[in-house]
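Peer 1: All I have is the shape, not the residue letters:
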């Protein structure tokens, strides 16, 4: 059976935004319109309760207080929704490292705009919705 992607059914995409910076969270919210239900976690302790119901995609700040994105990925465990890493400085090394940990994409906060963020979210959700070939 073919899975119909949420935006093709005119459904709202559930986004979990994990970022400890109020200004960055506000900017991301402004980039996303009414087609996105954005839940926020300002620190690591907020994450578990924000995972129910499961989001369609997670936007994750690379540094979250004393923790980095690897701590959050370990907390999420296997089978988590697609993750898009947000960082103030995305290097090829960082991008490679987080992709090995299951992150779909890494975006530089200084280069994100509404269109690029929406495209990244769509690509991540679509990619993770495709059945894997076994």
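Peer 2: Nice, thanks for sending it over. On a predicted model such as this, the values are computed, not experimentally measured, just so you know. Numbers count the residues shown, from 1 in each chain.
Peer 1: Distance from the longest helix along the chain to the middle of the chain?
Peer 2: Criterion DSSP state H: the longest helix present in the chain is helix 114-129. Taking the mean of its C-alpha atoms, helix 114-129 sits 9 Å from the chain's own mean (C-alpha atoms, centre = their mean, to the nearest Å).
Peer 1: I'd like to know which elements it is packed against.
Peer 2: strand 13-18, helix 22-31, strand 57-61, strand 83-87, strand 105-108 (3 or more C-beta pairs under 8 Å, 6 or more residues apart in numbering; DSSP states H and E). From N, CA and C alone the C-beta is placed, and that goes for glycine too.
Peer 1: Out of those, indicate the one that is most buried.
Peer 2: Scoring those by mean neighbour count under mean count of other C-beta atoms under 10 Å gives strand 57-61 as the most buried, with a mean of 25.
Peer 1: Low-confidence ranges, this protein, go.
Peer 2: 1-10, 130-134 (pLDDT under 70).
Peer 1: residues in contact with stretch 101-112?
Peer 2: Stretch 101-112 is contacted from outside by 24, 28, 31, 60, 69-70, 73, 80, 82-90, 94-95, 98-99, 116-117, 120, 123-124, 127-128, using C-beta atoms under 8 Å, 6 or more residues apart in numbering.
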